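S.K.: Just a sequence and a predicted model for now, questions to come.
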Amino acid sequence: MPKFNRLLVTLDMLSQDIVDELNLPEIQQNEKISSHYLKLITQYWQASESLQHCANELTEKGFSKAISEKRMCVHLVNKKVLLIQNRLLEYAIEYYKTNIRIDELRDVDFSENADKRFDLLTTRAIKYKSQYKVVARALNKIEYQRLIKSVGLPKFDWGWDTIIAP
């Protein structure tokens, strides 16, 4: 249980750092994430994956009780939400990494194969966003909004209306 508690504290601290990073004026104005944000959200995802492994030892009731007693990561009402959170973070991170590669390719590579790579990367980004949407629909609107606020996913990319829109 001590490792579980340490991971909750880590997630809580990273969450605050992520939210602070998202509130920076340049991110709000440009609606584009920074490399520091991507680093923080990746660390959060890795800690969350570790929490999931620790949670395997707990019952559903024990997990919920541990979360409510610590008053950290309260958006994780059960193990299912933790699993969904991890999956959503994985897709969001891969989406951002792919978009960074697309931007680099667009700005630097003017070779014959650049168009093919650009198309492949664009398809990959669309796939990650699509997979994200499928998993996000496992939550209702309130649960989803609580999760993205707690985790620090920007509304300009991952808001409920953006995800549920046809």
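M.R.: In hand now; what should we look at? Residues are numbered from 1 along each chain as shown.
S.K.: Look up how far K141 lies from D161.
M.R.: Relative to K141, D161 is positioned 9 Å away (Cβ to Cβ, to the nearest Å). The way it works is simple: take the backbone N, C-alpha and C, and place the C-beta from them, glycine included.
S.K.: between these two, who's got more neighbours?
M.R.: Using other Cβ atoms under 10 Å as the criterion, D161 and K141 rank with K141 on top: 11 against 8.
S.K.: Tell me how far that one lies from K32.
M.R.: The value you get for K141 to K32, if Cβ to Cβ is used, is 25 Å.
S.K.: Now the element after the top helix by length along the chain, going C-ward?
M.R.: Secondary structure of the chain per DSSP state H: the longest helix is helix 79-108. Later in the chain than helix 79-108, the nearest helix or strand by DSSP states H and E is helix 114-136.
S.K.: just the CA coordinates of that next one, formatted as CSV?
M.R.: Backbone C-alpha positions of helix 114-136 (Å, rounded to 0.1, in the frame of the first residue of the first chain) are rendered in CSV as follows:
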residue,chain,number,x,y,z
ALA,A,114,7.9,13.3,-47.9
ASP,A,115,4.3,13.3,-49.2
LYS,A,116,4.0,9.5,-48.6
ARG,A,117,5.4,9.9,-45.1
PHE,A,118,3.1,12.9,-44.5
ASP,A,119,0.1,10.9,-45.6
LEU,A,120,1.1,7.9,-43.4
LEU,A,121,1.6,10.1,-40.3
THR,A,122,-1.7,11.9,-40.9
THR,A,123,-3.5,8.6,-41.2
ARG,A,124,-1.9,7.5,-37.9
ALA,A,125,-2.9,10.7,-36.1
ILE,A,126,-6.5,10.3,-37.3
LYS,A,127,-6.4,6.7,-36.1
TYR,A,128,-5.2,7.7,-32.6
LYS,A,129,-7.9,10.4,-32.4
SER,A,130,-10.5,8.0,-33.5
GLN,A,131,-9.5,5.3,-31.0
TYR,A,132,-9.5,8.0,-28.3
LYS,A,133,-13.1,8.9,-29.2
VAL,A,134,-14.2,5.3,-29.0
VAL,A,135,-12.7,4.8,-25.5
ALA,A,136,-14.0,8.2,-24.3
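S.K.: That helix: which residues count as buried?
M.R.: Neighbour-count burial for helix 114-136 flags L121, R124, A125, Y128, K129, Q131, Y132, K133, V135, A136 (criterion: 16 or more other Cβ atoms under 10 Å).
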